[in-house]
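sequence unknown, structure follows:
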């Protein structure tokens with residue numbers, strides 16, 4: 001994962017007592033990709049490290065960790081507070097979202113602080129697991145345990161990599177930069193982290209924007225299959241209601257199930273443009289792929305065409321490639337700099353296995369999916385059970401019960417959901433809003449997972465900027481009335 005930085009990264013092995021330690025921020029060169037982006041976009045980007053104890057428990061002597069921070073200056077600054085950008089995952093690097101931030105209206109009005117959460121991105125130590133991608137391994141089995149043992153031998157205190165400590169880090173960043181309060185934006189897992197910060201440090205938070213809402217108290221793994229099925233059936237319904245889509249792809253549901261059955265019976269060799277050779281693809285693989293594609297607003301209009309192609313035995317059509325070719329903004333699959341990994345597997349496992357797995361059960365994962373069609377039940381259930389099983393090899397102690405309780409707050413909050421979001425459905429935005437006394441929730445009819453910093457987000461940006469200007473009042477939202485469902489791609 002070692003990255004295209006313009007300076008040498010040294011392992012930071014200094015130890016210090018957590019008790020009484022004052023966090024500090026040290027400026028640093030930005031990675032070369034950020035320097036290039038700043039020049040190309042005429043933006044001002046500076047960088048640095050927040051230095052904090054790895055473990056803040058009183059009386060614990062521990063290493064310091066260095067958390068990388070991107071600071072993107074506003075070109076037309078608002079007077080209220082900066083915007084802290086919390087990425088998803090957990091473990092997704094802030095670097096991957098910098099291009100989207102620079103495309104947005106938000107950074108023109110607000111300084112954006114994008115922090116690599118402890119263990120992720122350019123932060124040190126890294127909890128990335130190269131064992132997962134090692135081509136020399138005979139089998140993928142065991143990489144989780146191997147990564148865990150390596151990190152323990154290296155002295156990483158894995159129990160300290162959790163949402164509560166990440167919220168502490170954000171508080172310490174604001175204190176080190178002499179920022180009394182900030183606007184907090186969290187996408188996906190970042191919304192859970194934002195809620196944790198609001199719970200633990202409410203005086204630091206001026207306003208919250210939660211995008212793809214993940215409340216602390218939902219059973220994500222148990223709801224995984226029903227949530228995915230809901231998003232897939234939304235695609236069927238919207239295509240059926242669209243005259244052109246229904247004419248081109250009649251009976252889309254039946255076509256999808258037919259393709260799954262045929263591909264499960266006889267896997268199809270499919271060549272993707274980003275692969276060296278064709279991959280034998282089963283129906284379960286295709287169902288998982290559709291689930292993943294529903295995250296992306298720019299891909300959603302092409303999914304009926306993909307389903308129809310596979311149902312007719314046409315394995316040459318590639319929805320992702322067609323979308324890349326036709327869409328004006330190439331934000332499909334956010335590009336990362338150089339050789340950086342897309343996520344920190346170790347951080348993702350540390351959070352999942354402490355904060356979610358102990359509060360979900362295999363039995364309920366199966367029970368919650370009992371009413372799903374059998375052809376979809378297996379692949380969707382297997383995804384959730386795989387996540388639960390991975391925690392058997394990752395030694396994370398269960399989190400405190402409070403990490404599975406609703407966050408109640410009167411901090412002004414804007415909640416954003418996508419109709420097609422397969423992992424954090426609109427219903428979870430409504431669920432979080434029950435406990436947020438001063439909140440507004442909007443569901444975008446053409447969006448997937450994440451709304452504000454995606455392509456063609458003019459309406460979401462307008463609402464967000466109105467909200468940030470005066471969080472105590474309902475934002476101007478007239479643009480929602482004109483938002484259509486996706487305009488589906490029709491193959492000629």
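Happy to help now that I have it. Predicted model only: the values in this text are computed from it and were never measured. Numbering: from 1, shown residues only.

use CA for all of it now, contacts and neighbours both
OK.

residues in contact with residue 112?
70-74, 82-85 (C-alpha atoms under 8 Å, 6 or more residues apart in numbering).

what is the least confident helix or strand in this protein?
Every helix and strand in the chain was compared by mean pLDDT, DSSP states H and E; the lowest is strand 15-17, with a mean of 38.

identify each buried residue in the helix or strand that it is followed by, please.
Where DSSP states H and E defines the elements, the next helix or strand beyond strand 15-17 is strand 24-28. Buried positions in strand 24-28, judged by neighbour count with 16 or more other C-alpha atoms under 10 Å: residue 25.

for whichever helix or strand comes after strand 24-28, buried residues please.
Toward the C-terminus, strand 24-28 is succeeded by helix 32-41 as the next helix or strand (DSSP H and E). Buried residues in helix 32-41, defined by neighbour count with 16+ other C-alpha under 10 Å: 32-35, 37-38.

could you list every helix and strand that helix 32-41 packs against?
Under the contact criterion of 3 or more C-alpha pairs under 8 Å, 6 or more residues apart in numbering; DSSP states H and E, helix 32-41 touches strand 45-53.

quick one: strands adjacent to the strand it packs on?
In the sheet, strand 45-53 lines up against strand 24-28 (antiparallel), strand 61-72 (antiparallel) (DSSP bridges).

deepest-packed of those, please.
By mean neighbour count, with neighbours taken as mean count of other C-alpha atoms under 10 Å, strand 61-72 ranks first of the strands paired with strand 45-53 at a mean of 23.

what helix or strand does residue 208 sit in?
Secondary structure (DSSP H and E) places residue 208 in strand 205-211.

list the buried residues of that strand.
So, applying 16+ other C-alpha under 10 Å, buried residues of strand 205-211: 205-211.

residue 96: neighbouring residues, count only.
20 (other C-alpha atoms under 10 Å).

and for the one 3 residues further on?
The tally of other residues near residue 99 (other C-alpha under 10 Å) stands at 18.

how about it, nearest residue that isn't a chain neighbour?
Excluding its sequence neighbours, the residue lying closest to residue 99 (C-alpha to C-alpha, 6 or more residues apart in numbering) is residue 37, at 7.6 Å.

touching, residue 290 and residue 303? I think so.
Yes. With contact defined as C-alpha atoms under 8 Å, residue 290 reaches residue 303; the gap is 7.5 Å.

which residue ranges form the strands in the stretch 251-400 of the chain?
If DSSP state E, counting those that start in this stretch is used as the criterion, the strands of the stretch 251-400 of the chain fall at 268-270, 279-281.

next one: the stretch 51-200 of the chain
Here the stretch 51-200 of the chain has its strands, by DSSP E, counting those that start in this stretch, at 61-72, 83-86, 112-115, 182-187.

can you list the ones you listed in TSV and add distance to residue 453 and mean pLDDT?
What follows is these, written out as TSV (distance: least, C-alpha to C-alpha, whole Å; pLDDT from 0 to 100):
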stretch	distance to residue 453	mean pLDDT
strand 61-72	15	89
strand 83-86	11	97
strand 112-115	13	96
strand 182-187	9	97
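
any chance of the ones you listed in CSV, plus distance to residue 310?
CSV is the format used below for the strands of the stretch 51-200 of the chain (distance: least, C-alpha to C-alpha, whole Å):
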stretch, distance to residue 310
strand 61-72, 43
strand 83-86, 38
strand 112-115, 40
strand 182-187, 33
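
return the residues in contact with residue 234.
Residue 234 neighbours (C-alpha under 8 Å, 6+ apart): 419-420.

what pLDDT, on average, does the helix or strand encompassing it get?
Following DSSP H and E, the helix or strand that holds residue 234 is helix 224-241. Mean pLDDT, helix 224-241: 97.

tell me how far the residue nearest to the spatial centre of the chain lies from residue 305.
Nearest to the geometric centre of the chain sits residue 88, at 3.0 Å (C-alpha atoms, centre = their mean). In this view, residue 88 and residue 305 are 29 Å apart by C-alpha to C-alpha, to the nearest Å.

now swap in residue 44 and tell me
Taking C-alpha to C-alpha, one finds residue 44 at 42 Å from residue 305.

now do residue 288
Distance from residue 288 to residue 305, by C-alpha to C-alpha: 17 Å.

also residue 130?
36 Å.

also residue 103?
Taking C-alpha to C-alpha, one finds residue 103 at 29 Å from residue 305.

quick one: the helices in the stretch 251-400 of the chain?
252-265, 283-293, 303-311, 319-326, 345-355, 362-368, 374-390 (DSSP state H, counting those that start in this stretch).

which of those helices has the lowest average pLDDT?
helix 319-326 (a mean of 84).

list the helices and strands it packs on?
helix 303-311.

now do stretch 438-446, average pLDDT.
Mean pLDDT, computed over stretch 438-446, is 97.

residues touching residue 379, list them.
Contacts of residue 379 by C-alpha under 8 Å, 6+ apart are 284-285, 287-288.

again, only using 6 Å
Going by C-alpha atoms under 6 Å, 6 or more residues apart in numbering, residue 379 touches residue 284.

circling back: residue 130 and residue 305: which has the busier surroundings?
Set residue 130 next to residue 305 and count neighbours by other C-alpha under 10 Å: residue 305 wins out with 21 against 14.

re earlier: distance of the residue nearest to residue 99 relative to residue 349?
For residue 37, the distance to residue 349 - C-alpha to C-alpha - is 31 Å.

would residue 443 count as being in a strand?
Yes. Using DSSP: H, G, I helix; E, B strand; the rest coil, the assignment for residue 443 is a strand.

shouldn't it be in contact with residue 417?
Yes. The pair residue 443 / residue 417 is scored as a contact, 4.7 Å apart, by C-alpha atoms under 6 Å.

the more surrounded of the two?
residue 417 (28 against 21).

so what's the residue count around the nearest residue to residue 435 once chain neighbours are set aside?
Nearest residue to residue 435 in three dimensions, chain neighbours excluded: residue 408, at 4.6 Å (C-alpha to C-alpha, 6+ apart). When neighbours are defined as other C-alpha under 10 Å, residue 408 has 15 of them.

same question for residue 484.
10.

just the pLDDT for it.
89.

what about it, which SS state?
coil.

next, it: phi, psi?
Main-chain torsions, residue 484, degrees, to the nearest 10: phi -90, psi 170.

now the one 5 residues further on
For residue 489, the backbone dihedrals are phi -80, psi 130 (criterion: degrees, to the nearest 10).

against residue 380, how distant is it?
Distance from residue 489 to residue 380, by C-alpha to C-alpha: 26 Å.

which of the two has more neighbours?
residue 380 (24 against 20).

how much space between the closest residue to that one other than its chain neighbours and residue 379?
Leaving aside its sequence neighbours, residue 380 sits nearest to residue 225 (C-alpha to C-alpha, 6+ apart; 4.8 Å). To residue 379, residue 225 is 9 Å away according to C-alpha to C-alpha.

repeat for residue 489
According to C-alpha to C-alpha, residue 489 and residue 379 sit 26 Å apart.

list the buried ones in the helix holding residue 234?
224-232, 235-236, 238-240.

can you report how many residues lie near residue 400?
10.

show me what contacts it?
Here residue 400 is in contact with no residues (criterion: C-alpha under 6 Å, 6+ apart).
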